[in-house]
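> Attaching a predicted model along with its sequence, questions to come.
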Amino acid sequence: MKIVFLILAVVSQGALVAEELSLFDVKERAEEIFSHHLYHRELTPLLLQKSYKIFLSEFDPDGLYLLEEEAELYLSVEKAKETFLGFEKKKPLLYADLQSLFSKSVKRARRLRSHLRNELVAEGSLDLNFKKIFFTPFPKNVEEQEKRIKSAMEHWLAHYAIERGKTSLDSEERFLVLQFHEKKRREHEEKFLGGTFGKKKASIGRELLKAITTSLDKDSKVYEQEEGSLLKEDLQKKFCGLGITLKEAPEGVKIVKVLANSPAERSDLRKGDILLAIDKDKVSSLSFRETLKKLRGEPQSSVKLLIERPQSGPLQMVMAREELVPEDRIKLTYEPFGDGLLGVVSISSFYEGVFQELQEFLKKLKKQGRIYGLILDLRHNRGGFLDEVLRSQTLFTKETLLAQGLYREGSFPFVQSELTEVLYDTPLLLLTSRYTAAGGELFAKSLQEKGVALVMGDDRTSGQGLIQHQTITEGAFPYQVTIGELLSPKGEYISCKGVSSDIVVPTTFCNIAVKEKSLFYPEPLLPKKSLDYLPIVSSKTSLTGMLKQLIRNSELRRQEDKNFKAFMRLKEGKASDPEESLAYGEEDLSLKEARNILKDIAVLRYFKDKLVKE
């Protein structure tokens, strides 16, 4: 068994169809999952009520399908108790009824979207400052639902225009955008209806198991086999494929990145190419997930692609799949500064082996010359294996207490089992975002708390501070279940709180939602009590003393930076100012500012040392 911080938000729940589970299977597998959980050990009517909310939320998060009276019928405590008895007798009464309700609501929504699509394609004006706002979970009647659906469709059009720097869309562009989102809507609907209204059998048992598992807490999940395989690849940071990154857009499935030294690069696939067909399958008839699946396969197996390249027309290519390692696993760059250098190490996740790679990178960097500052870029880091997080900390601190875990049995300190050579001390800057989660958060919080590093980036990180048991890398029944909570060395909770930045510089993730409190589980997993922990000897550096000056300097720079102002306008959903530079799409503004902050630190330390000598 491996304990991990699971990399979250990699795949969505239930997008693929797997084998049908009987109610006996559901009960047996649910009991296995419950046996590991931090707090809940058995199914209760309260958990079933939560699972109904999850079921409805997964199906209709924006209230575009169900009416208020339809939803509330399934959310009462009485219904939960009734279904609990049915579950004990292996009769999923309520879940079967929900399939009928979903079918009815989808037919109504498709009829409304069809009518509104014709109306919106013909419209000429476009409100680029438009924001989609839904104040209640579900509309009260069909008229209110129609307004809500129209509001969502107008948002799709406005977002498309803003993203491409346009102020208007012609009827052809409007049709393309709305057709694309209609396809996405139908893919979502058929996930719950089992194909086009029942042509494929839906796995009610599996959906039941998923909802029950997530009722334990939001980060406990059951996956389909294929989803488990994708997560395994992400944890281990290797996969078998062609080496391309794809993006689904109204214009088609585009190649947005080609991995170096990959079959795709050797076959001259390029960024901007549009994928038309894979072997004999037209991409337009596939879901995005099905497209990704068809590109994966066994090493040396061949695949034929038909692509469209701007100014070149259709091109056909045949290539063999290979086992590949993503080039973004860990990346080292540096630039000259004075008589030394500034270094940047990007860590995409704490996958197996990252400690050893990070150790080698730091040794390599030290050989290049005097290091005036180091940035560890954790903006895309969603966690990984706990051992790798803890061991990686030891490269920057001698302190033995690295973190704490809170389990049912009590708190448990994670300490260094053997001393590791500290390869770098300070100045150290940790670049984080609202997307940074779990192990990435613990790593940042621990070094921040010890005074080893300053944290910069978005206002806070994700707040996904849980310890999980997983079978994703081991068995045929992939799931993850929460067995503990993460605490910093000083006993601070990371879950829901996240890690606050010392210097706030918005990143491209600044608008994403963070975990503040659970929508379905307002009670804490365990009582928040003071914990005993090993004493920490603070290693506060001069960085804390210069923090106010660093913040002021950063704010002044960003106030004068046209690229940054253009970036913030985009994030606020405003149209681009023609007089502002749009180069923010071509340069990494957060990393640019992090480098400037390191330069400030170096200059301030120089003058401080000079004054001390005088």
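Yes, it's here. Here the structure is a predicted model, which means the values were calculated and not measured.
> low-confidence ranges in the stretch 1-150 of the chain?
1-24, 85-96, 124-125, 127-135 (pLDDT under 70).
> distance of the residue nearest to Tyr223 when sequence neighbours are not counted from Gly272?
In space, and not counting its chain neighbours, Tyr223 is closest to Pro478: 4.4 Å by CB to CB, 6 or more residues apart in numbering. Glycine gets a C-beta too; all of them are placed from N, C-alpha and C. Using CB to CB, to the nearest Å, Pro478 is found at 35 Å from Gly272.
> Same check on Met319?
18 Å.
> Comparing those two, which residue is more hemmed in?
Met319 (17 against 11; other CB atoms under 10 Å).
> My guess is that one contacts Ala264. True?
Yes: taking contacts as CB atoms under 8 Å, Met319 lies within contact range of Ala264: 7.1 Å.
> Give me the common contacts of those two.
Leu242 (CB atoms under 8 Å, 6 or more residues apart in numbering).
> Flag every buried residue along the helix or strand hosting Arg108.
For Arg108, the element it lies in under DSSP states H and E is helix 93-122. Within helix 93-122, the residues scored as buried using 16 or more other CB atoms under 10 Å are 94-95, 98-99, 101-103, 105-106, 108-109, 112-113, 116-117, 120-121.
> Show me what that helix is packed against.
helix 45-59, helix 77-88, helix 142-163, helix 171-193, helix 204-216 (3 or more CB pairs under 8 Å, 6 or more residues apart in numbering; DSSP states H and E).
> right, and those - which one's nearest Thr507?
Closest to Thr507 of those is helix 142-163 (CB to CB; 17.6 Å).
> So in terms of bridging, what pairs with the nearest residue to Asp459 once chain neighbours are set aside?
Spatial nearest neighbour of Asp459, chain neighbours left out: Val504 (5.3 Å); criterion: CB to CB, 6+ apart. Beta bridges link Val504 to Gly457, judged by DSSP bridges.
> Val504 and Arg434 touch, don't they?
No: using CB under 8 Å, Val504 makes no contact with Arg434, being 11.3 Å away.
> which one of those two has more residues nearby?
Applying other CB under 10 Å to Val504 and Arg434 shows that Arg434 carries more neighbours, namely 24 against 16.
> doesn't Gln464 make contact with the more buried one?
No: if you go by CB under 8 Å, Arg434 and Gln464 don't touch, sitting 10.9 Å apart.
> The stretch 351-500 of the chain: strands as residue ranges?
Under the criterion DSSP state E, counting those that start in this stretch, strands of the stretch 351-500 of the chain are mapped to 371-377, 384-385, 401-407, 410-415, 428-432, 454-457, 466-470, 479-487.
> got the angle for the fourth one vs strand 479-487?
Which is strand 410-415. With axes from the mean of the first three to the mean of the last three CA atoms, to 10 degrees defining the directions, strand 410-415 sits at 80 degrees from strand 479-487.
> Could I have the CA atoms of strand 410-415 written out in PDB?
Extracted as PDB, the C-alpha positions of strand 410-415 are listed here (Å, rounded to 0.1, in the frame of the first residue of the first chain):
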ATOM      1  CA  GLY A 410      -4.200  10.700  16.900                       C
ATOM      2  CA  SER A 411      -1.500  12.900  15.600                       C
ATOM      3  CA  PHE A 412       1.700  11.400  14.100                       C
ATOM      4  CA  PRO A 413       4.900  13.300  13.500                       C
ATOM      5  CA  PHE A 414       6.800  12.800  10.200                       C
ATOM      6  CA  VAL A 415      10.500  13.200  10.900                       C
END
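> Report the angle between that strand and strand 401-407.
160 degrees.
> Of all the residues in strand 410-415, which ones are buried?
So strand 410-415, judged by 16+ other CB under 10 Å, has buried residues Ser411, Pro413, Phe414.
> which neighbours does that strand have in its sheet, and in what orientation?
In the sheet, strand 410-415 lines up with strand 401-407 (antiparallel) (DSSP bridges).
> CA atoms only for the partner strand - export them in CSV, please.
What follows is strand 401-407, C-alpha atoms only, in CSV (Å, rounded to 0.1, in the frame of the first residue of the first chain):
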residue,chain,number,x,y,z
LEU,A,401,10.2,17.6,12.1
LEU,A,402,8.8,17.8,8.5
ALA,A,403,5.0,17.6,9.0
GLN,A,404,2.3,16.0,11.0
GLY,A,405,-0.5,13.6,10.1
LEU,A,406,-3.8,13.5,12.0
TYR,A,407,-5.4,10.0,12.0
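> Can you pull out the residues in contact with it?
38, 389-390, 393-394, 411-416, 442, 446, 467, 483-489, 491, 526, 531, 533-534, 536.
> change it to 6 Å
Defining contact as CB atoms under 6 Å, 6 or more residues apart in numbering, one finds that strand 401-407 is touched by 390, 393, 411-415, 442, 446, 467, 484-485, 487, 489, 533-534.
> same question, stretch 340-359
7, 236-237, 328-335, 361, 365, 368-377, 380-381, 384-385, 388-389, 391-392, 395, 439, 595, 598.
> buried set for it?
Neighbour count says stretch 340-359 has 341-352, 354-355, 357-359 buried, by 16+ other CB under 10 Å.
> Between the two ends of it, what distance do you get?
20 Å (CA to CA, to the nearest Å).
> mean confidence score for it?
What stretch 340-359 shows for mean pLDDT is 90.
> likewise stretch 488-496?
88.
> hey, where'd the helices end up in the stretch 201-350 of the chain?
204-216, 225-236, 263-266, 288-295 (DSSP state H, counting those that start in this stretch).
> By mean pLDDT, show me the worst of these.
Minimum mean pLDDT among those: helix 225-236, a mean of 62.
> any low-confidence regions in the stretch 151-300 of the chain?
Looking at the stretch 151-300 of the chain by pLDDT under 70, you get 194-204, 225-238.
> let's see 80
Low-confidence segments of the stretch 151-300 of the chain (pLDDT under 80): 191-208, 224-239.
> Then the stretch 401-550 of the chain?
Using pLDDT under 80, the stretch 401-550 of the chain drops low at 416-420, 425-426, 472-477, 514-545.
> mind redoing it with 50?
518-540 (pLDDT under 50).
> for stretch 43-55, which positions count as buried?
So, applying 16+ other CB under 10 Å, buried residues of stretch 43-55: Leu43, Pro45, Leu47, Leu48, Gln49, Lys50, Ser51, Tyr52, Lys53, Ile54, Phe55.
> That stretch: how far from the chain's middle?
Relative to its chain's centre, stretch 43-55 lies at 25 Å (CA atoms, centre = their mean, to the nearest Å).
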